[in-house]
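Colleague: structure for the following, please:
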Amino acid sequence: MLTHNQVASIVELAKMSGDLALKLRAEQRIVIDIKSDSSMVTNADCEVDAFIGAGLRKIHQNANIVSEESGSYTASEYPDGVFVVDPIDGTSSFAKGGDFCINIAYCENKIPTFGLIYIPTSRTVYYNLEDQIYKAVDGVATPIHKKHSNDLSVVLSGHRSLSNSDGSLHDLINKLDKSGTHITSCVTAVAAIKYCLLLDLDGAMVISTANIADWDIAAAICLLKLAGYRVFDSKGEEIKILENKLHQGLVAFIGSKMGNILFGHSL
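Modeller: Sure, this is the predicted structure:
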């Protein structure tokens, strides 16, 4: 478990990392490349990644770090805990001048026990100190309390609209419609920012069906579970971190009713 001082230091490190990313973008020093998996990467991803890695090693002696820019790994390499980092989540949006976030999680025994998501463009950070979640804007932190509402009205997704979403998302939305669940809106947000919106809203759930990696969701899983959400992949299976594989989306909701509607059985 991270100490209070370590958490405070990681929050400050995330803010400085966001400042670095924004500075590189403002100075128009962004160079775009394509990785072997056909995903986009920029020099800012690499520079921010190196900055976070150096900072974490100062905060946590002998820190083990897995990052989007660090290559493959196996869970057995990290018996004493590991930081899981996405230096710039939402690279495409970042490169176009839009929103992005920085994700930092700490996992013990492959379970995320600390999560931080920082949105540099709004200077907003979500993080937990032991079992309490906080949202801090410009350094002013307020606690986020557990969610209890089962009345669903908003669905959060990474897709810009349901009309251009994939079949898996359509299938899940159709199941909600057939159950009589009244959805008033489908809200979209890039990267892990959609999980932050889930922490802000009542009567909301998130459905993401795209393949995602540990660094995309480790921090979010920690925060969402502390907020009272149940978290599964888009097939209704438990998401296991640090298994060196992609995950089939992420679905998060309150209570057991939604599990029966979406997956046909209690979860």
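
Colleague: what segments of the stretch 101-250 of the chain are strands?
Modeller: 101-108, 111-119, 124-129, 132-137, 140-144, 154-157, 185-188, 204-212, 230-232, 247-253 (DSSP state E, counting those that start in this stretch).

Colleague: which of these has the lowest mean pLDDT?
Modeller: The stretch with the lowest mean pLDDT among the strands of the stretch 101-250 of the chain is strand 154-157, at a mean of 74.

Colleague: parallel or antiparallel, list what pairs with that one.
Modeller: Looking at strand 154-157 with DSSP bridges, its partner strands are strand 185-188 (parallel), strand 204-212 (parallel).

Colleague: could I get those in a markdown table, plus columns for distance to residue 57?
Modeller: In short, each C-beta sits where N, CA and C put it, glycine included. Formatted as a markdown table, those follow (distance: least, C-beta to C-beta, whole Å):
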| stretch | distance to residue 57 |
| --- | --- |
| strand 185-188 | 36 |
| strand 204-212 | 26 |
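
Colleague: need the winner for burial among those strands.
Modeller: strand 204-212 (a mean of 22; mean count of other C-beta atoms under 10 Å).

Colleague: quick one: distance of that strand to the chain centre.
Modeller: Put simply, strand 204-212 sits 11 Å off its chain's centre (C-alpha atoms, centre = their mean, to the nearest Å).

Colleague: ok, residues contacting it?
Modeller: For strand 204-212, contacts defined as C-beta atoms under 8 Å, 6 or more residues apart in numbering pick out 152-158, 165-166, 168-169, 172-173, 187, 194-195, 197-198, 234, 246-254, 258.

Colleague: circling back to that earlier point, buried deepest among the strands of the stretch 101-250 of the chain, which one?
Modeller: Of all the strands of the stretch 101-250 of the chain, strand 101-108 has the most neighbours on average by mean count of other C-beta under 10 Å, namely a mean of 26.

Colleague: mind giving me the packing neighbours of that strand?
Modeller: Applying 3 or more C-beta pairs under 8 Å, 6 or more residues apart in numbering; DSSP states H and E, we find strand 101-108 packed against helix 4-26, helix 43-59, strand 82-89, strand 111-119, helix 214-226.

Colleague: export these to CSV and tack on distance to residue 144?
Modeller: Formatted as CSV, those follow (distance: least, C-beta to C-beta, whole Å):
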stretch, distance to residue 144
helix 4-26, 15
helix 43-59, 24
strand 82-89, 20
strand 111-119, 12
helix 214-226, 8
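
Colleague: could you list the low-pLDDT ranges of the stretch 1-150 of the chain?
Modeller: Low-confidence segments of the stretch 1-150 of the chain (pLDDT under 70): 71-79, 150.

Colleague: how near is residue 252 to residue 108?
Modeller: Distance, residue 252 to residue 108, using C-beta to C-beta, to the nearest Å: 21 Å.

Colleague: quickly list the domain ranges of the chain.
Modeller: 4-144, 154-263 (automatic domain parsing).

Colleague: straight-line length of stretch 177-197, end to end?
Modeller: 22 Å (C-alpha to C-alpha, to the nearest Å).

Colleague: what helix or strand is residue 260 on?
Modeller: Using DSSP states H and E, residue 260 sits in helix 257-263.

Colleague: contacts only, for the residue nearest to residue 248 when sequence neighbours are not counted.
Modeller: Among residues not flanking residue 248 along the chain, residue 233 sits closest, at 4.5 Å (C-beta to C-beta, 6 or more residues apart in numbering). By C-beta under 8 Å, 6+ apart, the residues touching residue 233 are 239, 247-251.
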